[in-house]
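# No sequence on hand, only this structure:
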Ligand SMILES: Nc1ncnc2c1ncn2[C@@H]1O[C@H](COP(=O)(O)OP(=O)(O)OP(=O)(O)O)[C@@H](O)[C@H]1O
Ligand SMILES: [Mg+2]
């Protein structure tokens, strides 16, 4: 399988705080890859770096053969807007829905890269078919949705741009286990049927690794372990630190 995302030795700092140190990883097209790590490990920083929201101190990021972010030639890095247009969509931590907008208006916002109005309508209908609850609530303000429904909406909004790579920052955060299962089964379908490559960060390491072909473990801004998802599930260090075993 071809590599779609290549993170090459990146470092990120916030002032004097070093959040990522020499992180390298690869995501193959068509895979689900997960990143696990404790609070403050740098997981969100990594996803934000991929979409150009935080600048790199070192290293570079290549997407579909094109360098999209680089430290040394910052002026050659793409803007977040252009990165989205290249085919990467991020569902940020905490969802960041537009609470005073309706479900439909939120989906319209997700289609900002799409000009063709007929295509936007077609995609919205696909989202309503895929997440029937969103169809039923399309005219409601987003703040009236449950946390799980808001997460589904945030995913649907990201899919409106028909990304090749979907980045998910803790899709299960704050949700009941059954709802998290539900969201993960949707993620699997998006990956398998819509052929969207998925890179996800998740606190629920067991569920994340079970769903992933490959996984990385991030500690204090460094990758300390990487392997196939199933192998990580069986790894003693992972079991002890992340699986409560
Ligand atoms: N905007 C910021 N300014 C300064 N420091 C930041 C900023 N964002 C994150 N940090 C710091 O960078 C480190 C990594 O944070 P990050 O949010 O990437 O971790 P995380 O793994 O996503 O954590 P969590 O599981 O809590 O979401 C932390 O020490 C955090 O305090
Ligand atoms: Mg985070």
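Now that the structure is in, tell me what you want to look at. Because the structure is predicted, anything quoted here is derived from the model rather than measured. Ligands and ions are numbered 1, 2, ... in the order given.
# Which residue ranges of the protein form helices?
Along the chain, counting by DSSP state H, helices occupy 43-50, 80-86, 103-110, 117-130, 132-136, 147-159, 177-193, 205-211, 229-233, 236-242.
# the inter-axis angle of the third one versus helix 147-159?
With axes from the mean of the first three to the mean of the last three Cα atoms, to 10 degrees as the criterion, the two stretches helix 103-110 and helix 147-159 enclose an angle of 40 degrees.
# packing partners for helix 103-110?
On a contact count with 3 or more Cβ pairs under 8 Å, 6 or more residues apart in numbering; DSSP states H and E, helix 103-110 meets helix 117-130, helix 147-159. To be clear about C-beta, it is placed using only N, CA and C from the backbone, and glycine gets the same treatment.
# Likewise for the fifth one?
The contact analysis (3+ Cβ pairs under 8 Å, 6+ apart) places helix 132-136 against helix 117-130, helix 147-159.
# Ok, which of those helices comes nearest ligand 2?
With Cβ to the ion as the criterion, ligand 2 lies closest to helix 147-159 of these, at 14.7 Å.
# Name the surrounding residues that touch that closest one.
Residues from elsewhere that reach helix 147-159 (Cβ atoms under 8 Å, 6 or more residues apart in numbering): 89-92, 95-97, 103, 106-107, 109-110, 123, 127, 130-131, 133-134, 137, 142, 145, 166, 168, 171, 174-176, 179, 182-183, 186-187, 190, 194, 196.
# So for stretch 183-197, what gets flagged as buried?
Neighbour-count burial for stretch 183-197, counted by 16 or more other Cβ atoms under 10 Å, picks out 183-184, 186-187, 190-191, 196-197.
# how much distance is there from that stretch to the middle of the chain?
12 Å (Cα atoms, centre = their mean, to the nearest Å).
# Let me have the buried residues of stretch 183-197 in JSON lines, adding distance to ligand 1 and pLDDT as columns.
Formatted as JSON lines, those follow (distance: Cβ to the nearest ligand atom, whole Å; pLDDT from 0 to 100):
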{"residue": "183", "distance to ligand 1": "17", "pLDDT": "95"}
{"residue": "184", "distance to ligand 1": "18", "pLDDT": "96"}
{"residue": "186", "distance to ligand 1": "22", "pLDDT": "96"}
{"residue": "187", "distance to ligand 1": "19", "pLDDT": "97"}
{"residue": "190", "distance to ligand 1": "22", "pLDDT": "97"}
{"residue": "191", "distance to ligand 1": "22", "pLDDT": "97"}
{"residue": "196", "distance to ligand 1": "22", "pLDDT": "98"}
{"residue": "197", "distance to ligand 1": "21", "pLDDT": "98"}
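# right, and the pair among the residues you listed with maximum separation?
Spatially, the most separated pair among the buried residues of stretch 183-197 is 183 and 197, at 17.5 Å (Cβ to Cβ).
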